[in-house]
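# The sequence isn't on hand, but the structure is:
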């Protein structure tokens, strides 16, 4: 969701979105890096399920 919102904000700001004077310039690389840092979607689902059920799952 962060990537979608940041991309839409970049559309609104246009060229100003790449200027260091506006916070959107800092948010753009951060929003693109979060999916990579969070891990694959399958791993996130396993982790969320483990947290909800209070147990760990074999991930092999």
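Ah, there it is. Source: prediction; values computed, not measured.
# For stretch 5-19, which outside residues touch it?
22, 24, 25, 27, 28, 31, 32 (C-beta atoms under 8 Å, 6 or more residues apart in numbering). Any C-beta I mention is one placed from the backbone N, CA and C, and that applies to glycine too.
# so the closest residue to the fourth one other than its chain neighbours is in which element?
The spatially closest residue to residue 27, leaving aside those adjacent along the chain, is residue 6, at 5.2 Å (C-beta to C-beta, 6 or more residues apart in numbering). When elements are assigned from DSSP states H and E, residue 6 belongs to helix 2-13.
# Residue 27 and residue 20: what is the separation?
When distance is defined by C-beta to C-beta, to the nearest Å, residue 27 is 12 Å away from residue 20.
# Show me which of the two is the more surrounded one.
Here residue 27 and residue 20 are compared on neighbour count by other C-beta atoms under 10 Å; more neighbours surround residue 27, at 16 against 7.
# residues touching the more buried one, list them.
Residue 27 is in contact with 2, 6, 9, counting by C-beta under 8 Å, 6+ apart.
# and of those, the nearest to residue 54?
Distances from the contacts of residue 27 to residue 54 were compared by C-beta to C-beta; the smallest belongs to residue 2, at 27.9 Å.
# Could you verify my assumption that the closest one touches residue 34?
Yes - with contact defined as C-beta atoms under 8 Å, residue 2 counts as touching residue 34 (6.0 Å).
# And the one helix or strand in the chain whose mean pLDDT sits lowest, what's buried?
Among the secondary structure pieces of the chain, namely its helices and strands, helix 24-38 has the lowest mean (mean pLDDT, DSSP states H and E), a mean of 77. Of the residues in helix 24-38, those with enough neighbours to count as buried (16 or more other C-beta atoms under 10 Å) are 24, 27, 28, 31.
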